[in-house]
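# Have a look at this prediction, sequence included:
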Amino acid sequence: MRAKDIILAGLSGILTALAFPKFNLFFLGWISLIPLLLALNRKKGIHSFFLGWIAGSLFYAVLLYWIPAVPAHYGGLSLGLSLLTYILFFLFLGLFWALFAVVYSRINRSFPKNSYLIAPFIWVTFEFIITHLLTGFPWGLLGYSQYKNLYFIQMTTLTGIYGLSLILLLFQSLFLKSIHFRTKLPFFSAVALILLIHIGGGISIGNISQTPNSFSAAVIQGNVSAETDFSSLSYKKTFALFNRHIKLSQEAISQDSELIIWPELSVPLCFTCNFSFFNDFKDKLFSLAEESGSYFLLGTSEIKLSAEKNLYFNSAVLLSPDRSTSYYYKKHLVPFGEYTPYKKIFSFISNFTHAVGELTPGDKYILHEFKGVKFGTPICYEIIFPDLVRRFVKKKAQFLVTITNDGWYGKSSAPYQHFAIAVIRAVENRRFVLRAATTGISGIIDPYGRILSSSKLDTPTFLKALITPSDTLTPYTRFGDVLPYLSLTLSILFFILAVLKKNV
């Protein structure tokens, strides 16, 4: 393993990270892995592992540079411990690139020509594994770098996000195959395929026709700082924050908005609690809904009282003008933020996360209903899981709402990266996605991934758009992760064949 190989691997990691928001050098996603693939050519076991680990660790170190500020600023951890946690995290995530490198290089040594075609499937396999292993963390999937490439991302209706990653890597691997074997056919075949995908994507994009079910909706961005501690805030100041949301809502209602969406936990709300100011807020919201005829989708913290143990839920509650309510409890909680996973192993970490609390995950995909139209409400972190969001739509959600609080991450890249993921979810399922974020970025995305409106960070505002529900089920919504399972099968098959092949 030469110094040149290490430099090439590191270059791949950094260039790939720069393809994502808010660097937004999305074109790098089409070439960033070429250096790593060059470095891996004909490498054996341990060398390929470390080259992949270097590339992956640097990728996640750059992509997630904003992580250490969160526990240091909000969790009370020392800067040193926060940095240590961050380093361990990106080194762990880098292992997925390392394992990709091991599998690819082994197949490359046994089947040098075929390995260039198999490489994209191996990559998708490990993206799929990182989505599901342990609690899953599919934040930096390669395809998300292309969220602004409108024609290209239309293929996610067939393949999900994984198809974008596969094509990006296929282009790069076939380019290298043309170089190594001195033949133009692989490269020009890749170019022709990409051209066809873009043409097909362009043709598939259409106008959204208004229907009798179309309605006006507004997302509210109250701009409540993540540093706000509601447990110690006076009633007067808490009410001022609540009233800020009320005034923005009234302004949206005056512009004929029928559905008003508040962000995740931007104001202390609980419809199953019986404390005085909770009741005051509930009464005011019920009255406003009743008087205006508008519905309110609210981020709340709900409780179920029990003789054994009280259960706390991160919730999305729909409040109707007739004073009825429906509840969705967040299913996929943030590990070490909303709960401590694998407590027998990580119980010591609860000493650092006790301020956030131990929430209980929901166990059902509950849909809300607005004037006969059903919709799903993945909360914050849940939007990054393709299959989870897909299941809302398969249960007949006709549009999607995601509420979030990205205020923890300030003006870093995190809110931009999180927003980009929501764009892909809209296209995968051909659904409007309305995103209400406490401090931003809020936005409204149409079923083709067009961003109809978006907000600036740290600005109180509201966004309004005409929403048209849909009953269409895309192939991805209907059948799910066929491509990753196919990729997993091919990767295992070729790896076994490569291991069995003699004299390599």
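Yes, it's here.
# isn't Ala101 right next to Gly52, touching?
Yes - using C-beta atoms under 8 Å, Ala101 is in contact with Gly52, at 2.7 Å. (Glycine included, C-beta is placed from N, CA and C.)
# What ranges does the stretch 201-350 of the chain have for its strands?
215-221, 259-261, 295-304, 311-319, 325-329 (DSSP state E, counting those that start in this stretch).
# what's the most buried one of the ones you listed?
Across the strands of the stretch 201-350 of the chain, the average number of neighbours (mean count of other C-beta atoms under 10 Å) peaks for strand 259-261, which reaches a mean of 28.
# Next, the buried residues of stretch 477-497.
For stretch 477-497, the neighbour count (16 or more other C-beta atoms under 10 Å) marks 477, 480-481, 483-484, 487-488, 490-491, 494-495 as buried.
# what are the ranges of the strands in the stretch 401-504 of the chain?
Assigned by DSSP E, counting those that start in this stretch, the strands in the stretch 401-504 of the chain fall at 433-437, 443-445, 451-454, 461-467.
# For Tyr151, which of these is the nearest?
Nearest to Tyr151 among these is strand 451-454 (15.1 Å), distances taken as C-beta to C-beta.
# State the distance from the residue most central in space within the chain to Thr402.
Centroid-nearest residue in the chain: Ile384, 2.3 Å away (criterion: C-alpha atoms, centre = their mean). As judged by C-beta to C-beta, to the nearest Å, Ile384 and Thr402 stand 10 Å apart.
# Reformat the strands of the stretch 401-504 of the chain as CSV; add mean neighbour count.
Below are the strands of the stretch 401-504 of the chain laid out as CSV (neighbours: other C-beta atoms under 10 Å):
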stretch, mean neighbour count
strand 433-437, 29
strand 443-445, 25
strand 451-454, 16
strand 461-467, 20
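# closest to His332 out of these?
Here strand 433-437 is closest among the strands of the stretch 401-504 of the chain (C-beta to C-beta), at 17.1 Å.
# Quick check: which helices or strands does that closest one pack against?
strand 215-221, strand 399-404, helix 414-429, strand 443-445 (3 or more C-beta pairs under 8 Å, 6 or more residues apart in numbering; DSSP states H and E).
# Can you name the residues in contact with that strand?
217, 219-221, 261-264, 299, 399-406, 415, 419, 422-423, 425-426, 441-445, 455, 465, 467 (C-beta atoms under 8 Å, 6 or more residues apart in numbering).
# Recalculate using a threshold of 7 Å.
The contact list for strand 433-437 (C-beta atoms under 7 Å, 6 or more residues apart in numbering) reads 217, 219-221, 261-263, 400-406, 415, 419, 422, 425-426, 442-445.
# ditto for stretch 114-134
Against stretch 114-134 from outside (C-beta under 7 Å, 6+ apart): 37, 96, 99-100, 103-104, 107-108, 137-138, 141, 162, 165-166, 169-170, 173-174, 176-177, 186, 385, 481, 483-484, 487-488, 490-491, 494.
# same question, stretch 380-394
131, 136, 138-139, 160-161, 264, 330-332, 334, 365, 367, 376, 378, 400, 402-405, 421-422, 425, 428-429, 431, 473, 476-477, 480-481.
# What's the mean pLDDT across that stretch?
Averaged over stretch 380-394, pLDDT sits at 97.
# Off-centre distance for that stretch?
For stretch 380-394, the separation from the chain centroid amounts to 9 Å (computed by C-alpha atoms, centre = their mean, to the nearest Å).
# With stretch 266-276 instead?
That offset, for stretch 266-276, works out to 28 Å (C-alpha atoms, centre = their mean).
# Determine how far the last residue of it lies from the first.
18 Å (C-alpha to C-alpha, to the nearest Å).
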